[in-house]
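**Student:** Structural data only, the sequence is not supplied:
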């Protein structure tokens, strides 16, 4: 290509690009390797953005103009492109190009996307696009995502604390009902029975007998209510005994056949996990009774070396499961919130159901906390936070001058 052709190429580049453009002449050492670049020309955007004059920079070496630049990625890219186009093993007439993005370290707050290419041998063209605002918005969005993940984890933790606080309240009420009120009522029943034996008047004996019968009925109701709000079996015997008793008592009143099965070697569940599983299965029982129209329910417990699974299966009407909002239709605390709580201990929750084909719910929890594969995003949050912080340190308000390469 002759000189006029080269000049035409450069004029075309200058006239068609509105971003900063700089044209360098490649400086080679005795072995023909590129070692530096002499700035030959720049467009108006380059001069205006950097507040420079052509007389001050034209003809000077890149290494002199930007001697204080700590970010070497841009320099390395220019060397790489120049070496690819000037190497002895490559045709000197074959152009080479490449991209690089990075933060300007000499002037904070600037982030560039740089495109370097060789229009013909010996010349290197660098085009710089200021991506600072895009960079700022991108990492601002990532920061918001990080905060959203943190708020979600905080909500999960709050749900966990509320669940345990609710259970402590239930247990406290159940203890008062059983140890104080229940004991007093049993004592009253015995006193009424003694009074019945002592009475000689038939009418009075009948009235005392009726009162005693009502009191015994009330004692049974209090015991039943005590078990419903916080079963003593859960703490005294264990989760499986509590679930078996809960199902038998609950479904016998509904006329629903109930079956309980368990297999595997027993392992010790964390207290909060045990409480959570009981509450969740109880919530399932309530919803089966309300919505499933089932005739039978089967609960299967499977114990593994590290995980504990509860499967609840009914032969009811079923429902469509693709939409996660279905969880929000459950009563009480709701499976949605308990599901979130289950995630915080490394558990898994899944539903398989279809209309007229029943429903199978699987709940999996770790046997011990140290074996849990947590789904919490804390580690990702920490990693993301360090990345964002290191990069946002450079993305500050851009009120000063711009800088090009």
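**Tutor:** Structure's in. What do you need? Everything numeric here is computed off the predicted structure, so don't read it as measured data.
**Student:** Averaged over its residues, which helix or strand of the protein has the lowest pLDDT?
**Tutor:** Least confident helix or strand, the chain: helix 378-392 with a mean of 42, by mean pLDDT, DSSP states H and E.
**Student:** Can you read off the backbone torsions of residue 80?
**Tutor:** Dihedral pair for residue 80: phi -60, psi -50, per degrees, to the nearest 10.
**Student:** who's residue 312 bridged to?
**Tutor:** residue 299, residue 361 (DSSP bridges).
**Student:** all strands of the stretch 51-200 of the chain, in order?
**Tutor:** Along the stretch 51-200 of the chain, counting by DSSP state E, counting those that start in this stretch, strands occupy 97-103, 111-117, 123-130.
**Student:** For residue 29, find the nearest of the ones you listed.
**Tutor:** Nearest to residue 29, of all the strands of the stretch 51-200 of the chain, is strand 123-130, at 15.9 Å by C-beta to C-beta. (C-beta placed from N, C-alpha, C; glycine too.)
**Student:** hmm, back to that, export the strands of the stretch 51-200 of the chain as JSON lines, with columns for mean neighbour count, distance to residue 298 and mean pLDDT.
**Tutor:** Shown next, in JSON lines, are these (neighbours: other C-beta atoms under 10 Å; distance: least, C-beta to C-beta, whole Å; pLDDT from 0 to 100):
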{"stretch": "strand 97-103", "mean neighbour count": "16", "distance to residue 298": "58", "mean pLDDT": "64"}
{"stretch": "strand 111-117", "mean neighbour count": "21", "distance to residue 298": "60", "mean pLDDT": "82"}
{"stretch": "strand 123-130", "mean neighbour count": "22", "distance to residue 298": "64", "mean pLDDT": "86"}
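**Student:** Compute the inter-axis angle for the longest helix seen in the chain and strand 111-117.
**Tutor:** Assignment by DSSP state H gives helix 132-175 as the longest helix of the chain. In terms of direction (axes from the mean of the first three to the mean of the last three C-alpha atoms, to 10 degrees), helix 132-175 departs from strand 111-117 by 130 degrees.
**Student:** how far does helix 132-175 sit from the chain's center?
**Tutor:** Centroid displacement of helix 132-175 relative to its chain, using C-alpha atoms, centre = their mean, to the nearest Å, is 10 Å.
**Student:** re the thing from before, I'd like the strands of the stretch 51-200 of the chain written out as JSON lines, with distance to residue 306 added.
**Tutor:** Below are the strands of the stretch 51-200 of the chain laid out as JSON lines (distance: least, C-beta to C-beta, whole Å):
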{"stretch": "strand 97-103", "distance to residue 306": "44"}
{"stretch": "strand 111-117", "distance to residue 306": "46"}
{"stretch": "strand 123-130", "distance to residue 306": "52"}
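**Student:** Residue 320 is nearest to which of the ones you listed?
**Tutor:** strand 97-103 (45.9 Å).
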